[in-house]
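Peer 1: Here is the input, now give the coordinates:
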Amino acid sequence: MTIMRPEPRLMDNSVAGYWRVLVYPYGTRGSTPLDVTFVRGAPTLVDSLGTSDPFGPTTAALTFTAITVLDRLGAGDIAWCGPETDVDICWFLPDQEEPVYRWEGYFASFEQSSSGAESSLSVTCRGAMFQVDNWLAKPEYVYQPIPYEVAIARTFAQVADSRLAALSVEWPDWWAKKFALTDYTNQPLYLRPVGVEDGANWSGYLTRSTGSFDPGLTSYIQGLLANMHTEFGQFTVMLDQGRRPVLRHRNRTNKPDENTLVIDALQPGVTLGFSRDFTQQLNVVYGQGKSINGSTFSGMKVSADGTRIQYEPYAYRREVYPTDMNDWYDRSIMRKEVSLSFFEGVSEAEARQISRSHLQRFADPGATGSISLSTDALTTTGYLPWYLIRAGMTVQVKGLFGIPEGVFFHVTEATVGQDSVELTVDSKFRDQLTVQEVRMRTRDSLAPIRLLTVGQYKPNIPDMLFPWSYSDGSGFMPKAAKDLFSGMPSSVGYPWTDWTRQRPPSDPKWSSCYVRIGPASDNADENWASARQSLSDFQPIPIRMSQSGEASLVQVAAFDRNGNILKVPFHVSFYKTNGTSYTSMPMLTMDEAAQFPPYKAGQHYPFFKQAWEEFTPEGQKVNTETVQAVPTAQLLAGYGNFYEKAGFWPSSSAVPSAEPTGLFSDSSGFSWDLTDAVYGVDPQRSQQENLADPNRADIQAMIYCDAQGTQEVFFLARIFRKEPGTA
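Peer 2: Below you'll find the model as predicted:
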């Protein structure tokens, strides 16, 4: 048996250092500060200092014992004591002119009090970086996407009269992601990131969101940081001395370094409290967001008959998901689900990566807790006074939980008082960002179904005259695909290849269930899908819908003749007018045709610049034929243009080096109302009379593909309705 003997330690009883309080009255920063460590001969009390990760200094409290309720603040010998005065609370070592630590902020509130002969002024100070919250991040219409780190720096730069230095970015030594301008050589300026130089380090995360009148720091910047995870840790913004905000990477630590504080669990002057909250662990991660191309995603899956909606998680432990046909499934493990709301600009592929990282960090709850120190902490270079401990540091608590080497914790908050420092710590190295739960999907029971307002009543069911019916073929493209999907097990999800391989386009029994486009042609007009396979007798692809409604999910997939996914980009759009034709589609001019050989002027092509726009970004009107023809066809929704082609889901054609997948899925949906359509649902007739003609509730689909080479390409699509009364 090994006997543990006490280890003597030599303590230094000399003066460790002292606090000094320095102020910079408004407009004097950069000059010599005023030392207010003593005011009128009385010492200034440093009651508390707070720091957090991210953002550094949070709040501090000072007491001026010689300033009374009879004093007029900001006048006379206390002219420096005014609102928003910059203040530095510094720790100096003996015989040194520069502080070793500096808490930087500004006066935020005053509280004057008097009791008998005693009177004082208490000042609450706010951390310097939090002045960014005084500025609201406002929505702008940016032409080029912005990298996250540029968006953060841009926010700091736009704060008027900022007392902060410009944000700097410190990339870790192992960072290998470089911006390559060549990746965007053939991309339009609209898709090229702004604010980053060729060959420079960059995060790779892009956004066009500049805010929505929310606080600049704790909402907008904090939302960006929530997605900036790596396999080694997370990016954070901290305040270095000199009011210098720095975006840097925070590593998860599993071994001590020169900045690690070492504490013995039974050390005198140490109070510990830890918990492992298993309600805070997770094993299934859902998500929802909006990518830079404008498409939304939520992992929505709809059953073949459209009666059931499910959401596919972006990350999960195999022990809890899926519950069917899963040899890893363990009923003894309780399932815990969360939903991440991704910041706008994250693609679905990136969302899956972030979700996997989130699962890795939270699959185990770790240990969170508090540490109170009234004694100094040991480091590899000696002792660190407890009042210099701040957020962002790492603490190793030896002997904790029976582990000799102990457990490593990240200090998320530190509050220095007059007698001790209170630390909030976390073994998973998380910050204070929160995860939003999935939105509730229910009907508001307090909303009246029918208001007693004359002339404004509308039926609660919007498609009474021609109801939506999956069994009758609503939402299938082409209509005959209803038979192909009939009997498909609910376990077969998008893109349905387990089913299409059994019922391929090459089988004459199922060929009519697909939309066919022949081998790619040098004539762009012949690359549009026609229900009758002929330009001279062209007919768009009809889709049965309902009188009116709103789509919750649109899914399209391209196949080869054997029912396998064909990885091609494509265009697909939906129209209200029966007379839609390829001639209604955007038409190439002489100049535009020269950019897309072998196509000729007068042919109809969806992928040239401004094909679907009425005006150029400079305000010039373009392509008179297009801007007349497309509105005449009454476009409901379209996917695939010069800037963003369909067929790259779950990524985006805007992502450099992205490869086509032949798939498209979008949950932003669209709405339709065929009550007023030509030869549409007739509100003057009964439901039976409208249903007598099954084509009355049709919309028309146009599909273009020219990447199939010498082979044929076949398309299937499903449109799922948002059920009335749901949100």
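Peer 1: Identify the single longest strand in the protein, thanks.
Peer 2: Criterion DSSP state E: the longest strand present in the chain is strand 101-115.
Peer 1: Would you mind giving the secondary structure of residue 361?
Peer 2: helix (DSSP: H, G, I helix; E, B strand; the rest coil).
Peer 1: contacts for the next helix or strand after the longest strand of the chain?
Peer 2: Next in sequence after strand 101-115, counting helices and strands by DSSP states H and E, comes strand 118-127. Contact with strand 118-127 is made by 47, 50-51, 55-71, 73, 81, 87, 89, 104-113, 239, as judged by Cβ atoms under 8 Å, 6 or more residues apart in numbering. All C-beta spots, glycine's among them, are computed from the backbone N, C-alpha and C.
Peer 1: just stretch 86-99 next, same as before
Peer 2: 14-24, 26, 29, 33, 46, 49, 60, 62, 100-107, 125, 128, 163, 241, 385, 387-388.
Peer 1: List only buried entries from those residues.
Peer 2: Buried members of the contacts of stretch 86-99, scored by 16 or more other Cβ atoms under 10 Å, are 17, 19-24, 33, 46, 49, 60, 62, 101-107, 125, 128, 385, 387-388.
Peer 1: Just to be sure, residue 592 is in a helix?
Peer 2: Yes. Assessed with three-state DSSP, residue 592 lies in a helix.
Peer 1: how about the nearest residue to it, chain neighbours excluded?
Peer 2: Leaving out its chain neighbours, the residue that sits closest to residue 592 by Cβ to Cβ, 6 or more residues apart in numbering is residue 608, at 4.6 Å.
Peer 1: Residue 205 contacts residue 148, correct?
Peer 2: Yes. If you go by Cβ atoms under 8 Å, residue 205 and residue 148 touch, sitting 4.4 Å apart.
Peer 1: what residues are shared contacts of those two?
Peer 2: 224, 227-228.
Peer 1: In CSV: these, plus secondary structure, pLDDT and distance to residue 594.
Peer 2: Converted to CSV, the shared contacts of residue 205 and residue 148 look like this (DSSP: H, G, I helix; E, B strand; the rest coil; pLDDT from 0 to 100; distance: Cβ to Cβ, whole Å):
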residue, secondary structure, pLDDT, distance to residue 594
224, helix, 88, 42
227, coil, 76, 41
228, coil, 84, 43
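Peer 1: what would those residues look like in CSV with distance to residue 314?
Peer 2: Supplementary listing: those in CSV, determined by distance: Cβ to Cβ, whole Å:
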residue, distance to residue 314
224, 19
227, 13
228, 17
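Peer 1: And the residues you listed, which is closest to residue 180?
Peer 2: Nearest to residue 180 among the shared contacts of residue 205 and residue 148 is residue 228, at 20.3 Å by Cβ to Cβ.
Peer 1: where does this structure have its least confident helix or strand?
Peer 2: Lowest by mean pLDDT, DSSP states H and E among the helices and strands of the chain is helix 624-633, with a mean of 64.
Peer 1: quick one: what helix or strand has residue 718 in it?
Peer 2: Assigned by DSSP H and E, residue 718 belongs to strand 713-721.
Peer 1: Partner strands of that strand and their direction?
Peer 2: Here strand 713-721 is paired, per DSSP bridges, with strand 476-477 (antiparallel), strand 515-517 (antiparallel), strand 548-559 (antiparallel).
Peer 1: Quick check: buried residues in the longest one?
Peer 2: When neighbours are counted by 16+ other Cβ under 10 Å, the buried residues of strand 548-559 are found to be 548-549, 551-559.
Peer 1: Quick check: the gap between residue 532 and residue 545.
Peer 2: 21 Å (Cβ to Cβ, to the nearest Å).
Peer 1: quick one, which of these two is more surrounded?
Peer 2: Higher neighbour count among residue 532 and residue 545: residue 545, with 25 against 9, using other Cβ atoms under 10 Å.
Peer 1: wait, doesn't the more buried one sit right on residue 697?
Peer 2: Yes. Counting by Cβ under 8 Å, residue 545 does reach residue 697; the two are 5.1 Å apart.
Peer 1: Find the residues that touch each one of the two.
Peer 2: What both residue 545 and residue 697 touch, as defined by Cβ under 8 Å, 6+ apart, is the set 474, 674.
Peer 1: how about residue 265, what does it touch?
Peer 2: Counting by Cβ under 8 Å, 6+ apart, residue 265 has contacts 272, 397-400, 406.
Peer 1: what does residue 134 give?
Peer 2: Going by Cβ under 8 Å, 6+ apart, residue 134 touches 159, 216.
Peer 1: Walk me through the domains of this structure.
Peer 2: Under the assignment automatic domain parsing, the domains of the chain span 18-130, 135-251, 260-276+366-426, 280-362, 476-721.
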